[in-house]
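[1] sequence first, predicted coordinates after that:
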Amino acid sequence: MTLPLGYFVLQQGHELQAAQGHAGEAFEPFLPGLVVLLPLLGFLLNGALALAASRRSAEAVRGGGELDFFQGGKRPLTHVLPTWIGPGVIGLAFVIVLVNFFRMLGADLHEPVVRTYWTWMATGSLQVDAALQLDQLSMVMMLVVTGVSFLIHIFSVGYMGDDQGYPRYFAYLNLFVFFMLTLVMGANFPVLFVGWEGVGFCSYILIGYWFSDREKADAGKKAFVVNRIGDFGFLVAMFLIFTIFGTLNFTEVFEAAPATLAYGGALVTAITLLLLLGATGKSAQIPLYVWLPDAMAGPTPVSALIHAATMVTAGVYMVARTSVLFALAPVGGLSVALIGAATALFAATIGLAQYDIKKVLAYSTISQLGYMFIGVGVGAYAAGIFHLMTHAFFKALLFLGSGAVIHAMHHALHHTHNHADPQDMRNMGGLKKYMPVTWIVMWVATLAIAGIWPFAGFFSKDEIIWYAGARAAGTYGGWFTLIWIMALAAAMITAVYMTRLMVMTFHGANRTGQEEARHLHEAPWVMTVPLMVLAVLSVFGGWVNVPHAISESFLGGFGLLPMTEWMHEWLHPVAGLATEIQAANAGDFSHHSPFGGGELLWALLSTAAALVVVLVSARVVGGFKILPAHQSREPSGFKKVLFKKYYVDEIYDGLVVQPLLKASRFAWKVIDAGVVDGIANGLGHTARAAGWFGSLFQTGSVNTYALFLAIGVLVILGVIAF
Amino acid sequence: MAEILFYVFSAVAVGSAIAMVTRSNPVASLLFMVATLASLAGLYVLFEAHFLAAVQIIVYAGAIMVLFLFVIMLLNLGHDYQRDLKGGVWAILSFIVAGAMAGILARQFGGSGASPIYERFQGAERMDALLAEKGAVGAIAHPLFTDYVVAFELVGILLLVAVVGAVALAKRKV
Amino acid sequence: MLTEALVVSAVLFVVGTFGVLVRRNAIIMFLCIELQLNAANLSFVALSRYLGMDGQIFVFFVMTVAAAEAAVGLAIIISIFRHYETVSVDNFNLLKW
């Protein structure tokens, strides 16, 4: 079945490549506002259903019992309609986006098309409009967001089908898509920021979706607070940009940037570093990544959508959008790449020692986001966005697959009233027998993320590493060499931990228990079909951007693979200016390699190495004796440090959280209750004392009053006489 | 001669005043007041205010003091009188205040001659001439009925009001 | 002679003030106030000798008003006496807080 599918894709790809660059008609957007409004409509409708359901539930609780919406076998309307409204609006939005995409393909677009809807703020010199911008970059993001979220919505129908808060879930999910689309389609910084904050908020409500569990609610809080720290950087950067440029619209700012800002100057470096702070918060890089592993407390489709495919990529998108500024500030770009590389390596090592399947994937996400940062940091914007796209495919697939596994484990353990953790890999094993489809698609995703040809991850990751190495010939060359080495190391470690995940979960002997194993079964079709679609994308998705250097060789299918550097050329109108600035100032080294040899050689080497690593680690992990969780010992030594995530959370708690709490308590007890209340009460006491003192003069005795009179006369005489 | 009389009358006036203030017996206090008023009348004569001296004796010492005496008798305060002065700290305090007032006033009046009043001493001859022309009563009557006639009439009404008021206040309840 | 007269007037006034401050009997307090008035009268008369008739006119009016005031004041003291059975001002302390 895959062969005809593959051939069909190749055909379409060739056609697509040919269609590009048609100096055709101008691009006429098709209902862009509707793309953003449809998910909002979904939120409102699902929200109304959720309110109706909650009212019934509240009445039941007041009556003394709890309401189970699913008893009696008949699902109420509030729990049936969201199945259609939720994915439906996203599907419609995706169709509209597709129409726009094909229109944009046919036209030769050099300038972004901005649609202004109304004036949001107009005070003094500040003019901000509610405007959407359609250009190649936002089109790519729109496709990824609507496409992947559509698949995840369908998956959620099956995964969350038995949840009591079903309509509320879809309302939140639709709201998230609305904000994410606002973020990627915004035509100026404030609209982007609205989306930025909005997805942060939706992340909070979705992570803490099961809010009655204190830990899960705390995880949501942690995500929001850590995000906020990054938002501060973003805001200050926005203020700086407004001060310098007098406007906040993307087109105006980026046009004026090369002339207004000095290359490598302090101002532009400050702006880019502040933007980077914002990006590290949203995209979970060092130092603000700590919220993402905790965010696994949310439902698995949420983890797939928000913390793999869309929200965490907002930081990468933002850097790509402001590429001109980063090109003008080499220190800023280098910082982005350096943080990305460090995070990639750091998170990969932690992923080696985790036992919760979702935690492994969380650290994997952080690591892959580091790769995207490396991409946009070294100036390979197309490569970074390309990896964003492919990562969305295979990471969403990995998360959804793990969701299917958890779903099955949950059912099995529930049947036998076993209280073991359904997400702990030590309780799994040998699941390939029970869930074959899931097993196959997850292997597809694993090979993709490990960077093995011809899957998607190979092309995207390889290009990033190549560009990082190419910059080693220019300024800050030593740093870029270091980044290149770290990226390679992280790639190898990625292969190791992903293979470990697969072997522990699907291979070997089953550790769930005999009784439970009887209840393990494949996920229903509503969950497996999205998995299969994503698997197809993970296979063919990488073929849209085959580098020139390898397209003629075996790796490029001897020229059969279409769309050579299609993504590169597609994004050229957006990233071109930045690339020019960088080439003019830092040199163009896109064909240099750090240790000799061409791109083809290094590509072959890296994919071969990755394949070897996968096979070796499969053999090694397969040979381990793994015990179920309740029988396992705690890890010790260096493994313990990795397991405890290098104690970063504890360090943050000690360095930041506790002092803040102490300071707050001090401010409360000493300053607020002591000083401020003391002053207020003291004033009252003083007034009372003054009154008492004054009362002493009212003796009622005439002689006293006469005395005061005489003293008064004396005073007047004194004044007159002296 | 006038000087000696002046000092005699002054001494009597001040002495009687001090005596008045320090007596416990109200009637004695009142009689000493009468003595003060009489010596003041003498002082008025020395300043060529003959009419006023007469009015002082007739009205002040004769009518007002008698009224006081009547009230004291009416309230039967003449017997069984206790020590009436507030003593101790109060007296010292009052003495200090009064003394300070006296000091300032004396300094002002006895002052080093900077007061402008002392420069207008030419009036004595004019007054003598006026008195010689109109006589003692005429000298005071003339301005009273020409320049100050309004005030004169108003004072008449004031006296009427006072009489009515005193009667109303002192009446027994009916 | 003028200066001496003014000094005498001041002394009498101060004696009267002292009396007002230390006496308890309301009628005698009132008497001391009359003494203050007389001291002022002496001052007026002494000055009028040199400055004109107006001083004596003023004294005339002061005496008249003093008479009216004495009548009314004593009537008030009588009606207070009817309430308190005493004229000691220590007992008139309704203004005390």
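    Perfect, thanks for sending it.

[2] how about the contacts made by the residue in chain C that chain A sits nearest to?
    Across chain C, no residue is closer to chain A than C:Lys96, which sits at 2.7 Å (C-beta to the nearest C-beta). No exception for glycine: its C-beta is placed from N, CA and C like everyone else's. Neighbouring residues of C:Lys96 by C-beta atoms under 8 Å, 6 or more residues apart in numbering or on different chains: A:698-701.

[3] can you pick the most crowded of these?
    Comparing the contacts of C:Lys96 on neighbour count, A:Ser701 comes out first with 18 neighbours (neighbours: other C-beta atoms under 10 Å in any protein chain shown).

[4] show me the subset of the contacts of C:Lys96 that also lies near chain B.
    Near chain B, judged by C-beta under 8 Å from any C-beta of the partner chain, there are no entries from those.

[5] I'd like those residues laid out as a markdown table, including distance to A:Ala408.
    A markdown table is the format used below for these (distance: C-beta to C-beta, whole Å):
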| residue | distance to A:Ala408 |
| --- | --- |
| A:Gln698 | 90 |
| A:Thr699 | 94 |
| A:Gly700 | 94 |
| A:Ser701 | 98 |
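
[6] now the helix or strand encompassing C:Val65: buried residues?
    Take DSSP states H and E as the rule and C:Val65 turns out to sit in helix C:54-84. By neighbour count on 16 or more other C-beta atoms under 10 Å in any protein chain shown, the buried set for helix C:54-84 is C:55-61, C:63-64, C:66-78, C:80-81.

[7] does anything pack onto it? Which helices or strands?
    Applying 3 or more C-beta pairs under 8 Å, 6 or more residues apart in numbering or on different chains; DSSP states H and E, we find helix C:54-84 packed against helix B:50-55, helix B:65-74, helix B:123-146, helix B:149-170, helix C:26-51.

[8] can you put these in CSV and add distance to chain A, mean neighbour count and mean pLDDT?
    Listed next are the helices and strands packed on helix C:54-84 as CSV, based on distance: least, C-beta to the nearest C-beta, whole Å; neighbours: other C-beta atoms under 10 Å in any protein chain shown; pLDDT from 0 to 100:
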stretch, distance to chain A, mean neighbour count, mean pLDDT
helix B:50-55, 26, 19, 94
helix B:65-74, 18, 17, 92
helix B:123-146, 25, 14, 83
helix B:149-170, 18, 14, 93
helix C:26-51, 8, 22, 92
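
[9] ok, now which ones touch the spatially most central residue of chain B?
    Nearest to the mean C-alpha position of chain B, counting by C-alpha atoms, centre = their mean, stands B:Leu37 at 6.0 Å. Neighbouring residues of B:Leu37 by C-beta under 8 Å, 6+ apart: B:56-57, B:60-61, B:65, C:38.

[10] and it, which of the three is it?
    Of the three states, B:Leu37 takes helix under DSSP: H, G, I helix; E, B strand; the rest coil.

[11] same question for the one 5 residues further on.
    Secondary structure, three-state DSSP: B:Gly42 is helix.

[12] let me see the domain layout of chain B.
    Following automatic domain parsing, chain B resolves into domains at B:1-85, B:86-121, B:126-174.

[13] those domains: which one's closest to A:Pro32?
    domain B:86-121 (93.7 Å; C-beta to C-beta).

[14] the closest one - what's its average pLDDT?
    For domain B:86-121, the mean per-residue pLDDT is 75.

[15] please apply the same query to stretch A:323-330.
    Here stretch A:323-330 scores 88 as its mean pLDDT.

[16] same deal with stretch A:429-449?
    Stretch A:429-449 shows an average pLDDT of 88 in the prediction.

[17] so how far is chain C from A:Gln127?
    67 Å (C-beta to the nearest C-beta, to the nearest Å).

[18] can you count the residues close to that residue?
    15.

[19] for it, give me its contacts.
    A:119, A:121, A:247 are the contacts of A:Gln127 under C-beta under 8 Å, 6+ apart.

[20] does it count as helix, strand or coil?
    Secondary structure assignment for A:Gln127 (three-state DSSP): strand.

[21] bridged to it, which residues?
    A:Ala122 (DSSP bridges).

[22] now the one 5 residues further on
    For A:Leu132, the beta-bridge partners under DSSP bridges are A:Arg115, A:Gly186.

[23] residue nearest the centroid of chain A?
    So for chain A, C-alpha atoms, centre = their mean, it's A:Val312, sitting 1.2 Å from the centre.

[24] surely that one is in contact with A:Gly370?
    No. Here A:Val312 lies out of contact with A:Gly370, judged by C-beta atoms under 8 Å, at a distance of 11.2 Å.
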